[in-house]
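Novice: Attaching a predicted model along with its sequence, questions to come.
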Amino acid sequence: MGLGESFMIFVEIVLINLLLSGDNAIVIAMAARRLPPLQRRAAVWWGTAAAVALRCVLTLAAVALLNIPFMQTAGALFLFAIALKLLLDHGGHEPETRASSTLAGAVWTIVTADFVMSLDNVLAVAAVAKGDTILLLFGIALSIPIIIWGSSFIIHLLDRAPYLVYIGGGLLGYASGEMLLKDPGLRKLLPLEGSGLAESLPLLIVAALLAAALLLRRKRAA
């Protein structure tokens, strides 16, 4: 592998991490937002450490996992549930739940979401690295500052504009819709390619997520 090719792979890995680590940063920010300042920092660091550790482990089996029929469908449903929980926890002024007001609860939310959302990141970086272990490890290590800086920045934004939590939840819902479209088992069961539904499915998931969050919040307030 020449120097020029290695540099291009380096650039691709940087772009992939910038694009795909954003969801992880959003989850960490939303899960840690209600914690006191010192616990916020701890949640960000522990959440980031969990994300990176998961990516190291998942790298060994990412391709096989994502090729298992309906694995991504299960992950998409799980991610939808996490996004809904985050919206319900942070979308209003109701009393805080234990899971959203403790460091352990925030870290658990971060870890479970990272497990689902790290699969695509690992697969993309592994594909670009073309078996080069050094580049692969570099791609994983590169995600550390991206996630830490990104989640800290998003926490400050959510403090100043709490309504942005709906944008963050919508992005997670969109990611779950994209995971559904990539599932090989679901594509065989429901041939969506070339149909208008395939293009609009992520947006429909976002609409369903926000509608469910608003309805459940109204029930809580009633």
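Specialist: Arrived safely. Computed from a predicted structure; not experimentally measured.
Novice: tell me which helix or strand of this structure sits lowest on mean pLDDT?
Specialist: Lowest mean confidence among the helices and strands of the chain (mean pLDDT, DSSP states H and E): helix 98-101, at a mean of 46.
Novice: ranges for the helices of the protein?
Specialist: Ranges of helices within the chain are 3-20, 22-32, 37-59, 62-67, 71-90, 98-101, 103-129, 133-160, 165-182, 184-189, 196-221, based on DSSP state H.
Novice: ok, Ile148 touching Val44?
Specialist: Yes - Ile148 sits in contact with Val44 when judged by Cβ atoms under 8 Å, with a separation of 6.2 Å. The C-beta positions use only the backbone N, C-alpha and C, and glycine is treated the same way.
Novice: of these two, who's got more company?
Specialist: Val44 (26 against 19; other Cβ atoms under 10 Å).
Novice: Can you tell me the closest non-neighbouring residue to the more buried one?
Specialist: The shortest distance from Val44 to any non-neighbouring residue, by Cβ to Cβ, 6 or more residues apart in numbering, is to Ser151 (5.2 Å).
Novice: One more: Ala43?
Specialist: With sequence-adjacent residues excluded and distances taken as Cβ to Cβ, 6+ apart, Ala43 is closest to Ala32, at 3.8 Å.
Novice: low pLDDT regions in the protein?
Specialist: Across the chain, residues meeting the criterion (pLDDT under 70) sit at 1-2, 10, 14-22, 59-67, 90-101, 117-131, 133, 136, 143, 192-195.
Novice: just checking, the residue nearest to Ala43 touches Trp46?
Specialist: No - applying Cβ under 8 Å as the test, Ala32 and Trp46 come out as separate, 9.4 Å apart.
Novice: Mutual contacts of those two, please.
Specialist: Residues touching both Ala32 and Trp46 by Cβ atoms under 8 Å, 6 or more residues apart in numbering: Ile110.
Novice: neighbour-wise, which of those two wins?
Specialist: Here Ala32 and Trp46 are compared on neighbour count by other Cβ under 10 Å; more neighbours surround Ala32, at 27 against 19.
Novice: so how far is Ala208 from the more buried one?
Specialist: Separation of Ala32 from Ala208 (Cβ to Cβ, to the nearest Å): 26 Å.
Novice: just Leu35 next, same as before
Specialist: When Cβ to Cβ is applied, the distance between Leu35 and Ala208 equals 29 Å.
Novice: These two: which has the busier surroundings?
Specialist: Neighbour totals were compared for Leu35 and Ala208, and Leu35 leads with 21 against 14 (other Cβ under 10 Å).
Novice: So what's the residue count around the nearest residue in space to Ala50 that is not next to it in sequence?
Specialist: Computed as Cβ to Cβ, 6+ apart, the closest residue to Ala50 that is not its neighbour in sequence is Val111, at 4.6 Å. Other residues lying near Val111 total 18 when counted by other Cβ under 10 Å.
Novice: ok, Val111 - contacts?
Specialist: For Val111, the contacting residues are 47, 50, 54, taking Cβ under 8 Å, 6+ apart as the criterion.
Novice: Generate CSV for these, with neighbour count as supplementary columns.
Specialist: Output for these, formatted as CSV (neighbours: other Cβ atoms under 10 Å):
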residue, neighbour count
Gly47, 28
Ala50, 21
Leu54, 21
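Novice: from these, which is closest to Ala221?
Specialist: Lowest distance from Ala221 to the contacts of Val111 (Cβ to Cβ) belongs to Gly47, with 29.9 Å.
Novice: Give me the nearest residue to the closest one, chain neighbours excluded.
Specialist: The shortest distance from Gly47 to any residue that is not its chain neighbour, by Cβ to Cβ, 6+ apart, is 3.5 Å, and that residue is Ile110.
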